[in-house]
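Undergrad: Can you look at this prediction? I've put the sequence above it.
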Amino acid sequence: MDELHKIARAYYITANEESKSQGRRFFKSIDHDGSRGITIQEYLPYMKRNGHTKMANRPFFDYLNVSGTGELEFMEVMTLFYIIKSGRKFCDGCDGLLKGTFFSCTDCFDLDDESFNLCSECFTESSYVHPHRHFLDNYIILENMKVANKEGQMNHQVQNAGASNAIVLYNRQSRSSVFATVFQAVATTAATFTTCTIM
Ligand SMILES: [Zn+2]
Ligand SMILES: [Zn+2]
């Protein structure tokens with residue numbers, strides 16, 4: 001069982017009753033014959049109909065089916081539910097689901113649907129076509145957003161800006177300035193690394 005199955009299981013077990021019944025409704029919406037198991041014949045049309053084309057294939061079904069029974073049981077479908085609801089991204093290099101740490105183009109990060117993300121392999125091997133070259137991993141991005149939020153709140157308190165939009169504006173501004181600082185750090189490291197390699 002990989003990390004995503006464990007995460008989904010943890011969320012389901014600790015969820016409130018309303019969320020659990022949402023999960024059960026999701027399962028029933030795919031389990032047409034009510035057999036309490038989802039076959040590939042039920043899975044594929046559902047996924048295609050709902051626009052989850054990158055997951056509408058046999059290898060992805062097999063990935064979900066950790067029990068190896070050929071039918072998805074309830075918890076396996078909760079993994080799918082989690083993947084869909086959490087908006088997990090797919091690698092823009094190899095189309096694989098980004099299960100762990102990934103790299104995101106910081107120029108496109110704010111563009112939601114048009115964000116550009118890569119798995120470690122595609123990032124390392126430069127196996128992608130994209131006009132930008134500034135990438136950071138999701139943990140650094142999250143940490144920077146926290147710092148930016150704090151800065152935003154401090155600015156907000158100092159200047160006592162009334163409108164809630166002001167916070168968003170400050171956050172956005174500080175986020176890019178924090179990114180700029182990280183870029184500099186990365187660029188410096190890269191330059192040092194290159195120099196060392198040449199030497
Ligand atoms: Zn990839
Ligand atoms: Zn980009």
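TA: Right, received. Where do you want to start? Ligands and ions are numbered 1, 2, ... in the order given.
Undergrad: rest of the way, CA atoms for contacts and neighbours
TA: OK.
Undergrad: Identify the residues contacting P131.
TA: Contacts for P131 (C-alpha atoms under 8 Å, 6 or more residues apart in numbering) come out as none.
Undergrad: Angles on the backbone of it, please.
TA: Dihedral angles of P131 (phi, psi; degrees, to the nearest 10) stand at phi -70, psi -20.
Undergrad: SS state for the most centrally placed residue in the chain?
TA: The residue lying closest to the centre of the chain (C-alpha atoms, centre = their mean) is R88, at 3.6 Å. Following DSSP: H, G, I helix; E, B strand; the rest coil, R88 is assigned to coil.
Undergrad: Chain neighbours aside, what residue packs nearest to it?
TA: Nearest residue to R88, sequence neighbours excluded (C-alpha to C-alpha, 6 or more residues apart in numbering): L98, at 6.9 Å.
Undergrad: which stretches of the chain have low pLDDT?
TA: 112, 155-199 (pLDDT under 70).
Undergrad: how is it carved up into domains?
TA: What automatic domain parsing lists as the domains of the chain is 3-85, 89-133, 138-198.
Undergrad: quick revisit: now do the contacts for the residue nearest to the centre of the chain.
TA: Per C-alpha under 8 Å, 6+ apart, neighbours of R88: L97, L98, K99.
Undergrad: Surely the first one and K89 touch.
TA: Yes - using C-alpha atoms under 8 Å, L97 and K89 qualify as a contacting pair, with a distance of 6.3 Å.
Undergrad: all helices of the chain, in order?
TA: 3-14, 17-30, 40-49, 58-64, 74-85, 120-124, 138-159, 164-198 (DSSP state H).
Undergrad: Tally up the residues packed near the nearest residue to N117 once chain neighbours are set aside, please.
TA: Of all residues not flanking N117 in the chain, S104 sits nearest, at 4.4 Å (C-alpha to C-alpha, 6+ apart). S104: 22 surrounding residues under other C-alpha atoms under 10 Å.
Undergrad: How about the residues of the chain by ligand 2?
TA: Residues of the chain lying near ligand 2 by C-alpha under 5 Å from the ion: C105, D107, C108, H132.
Undergrad: ok, and the most crowded of the residues you listed?
TA: C105 (19 neighbours).
Undergrad: Need the nearest residue in space to whichever residue of the chain sits closest to ligand 2, chain neighbours excluded.
TA: Residue nearest to ligand 2 within the chain: C108 (4.2 Å; C-alpha to the ion). Of all residues beyond its chain neighbours, the one nearest C108 is S115 (4.9 Å), with distances taken as C-alpha to C-alpha, 6+ apart.
Undergrad: Please give me every residue in contact with that neighbour.
TA: S104, C105, C108, F109.
Undergrad: Next up, the contacts around E71.
TA: E71 neighbours (C-alpha under 8 Å, 6+ apart): G37, I38, T39, I40, N65.
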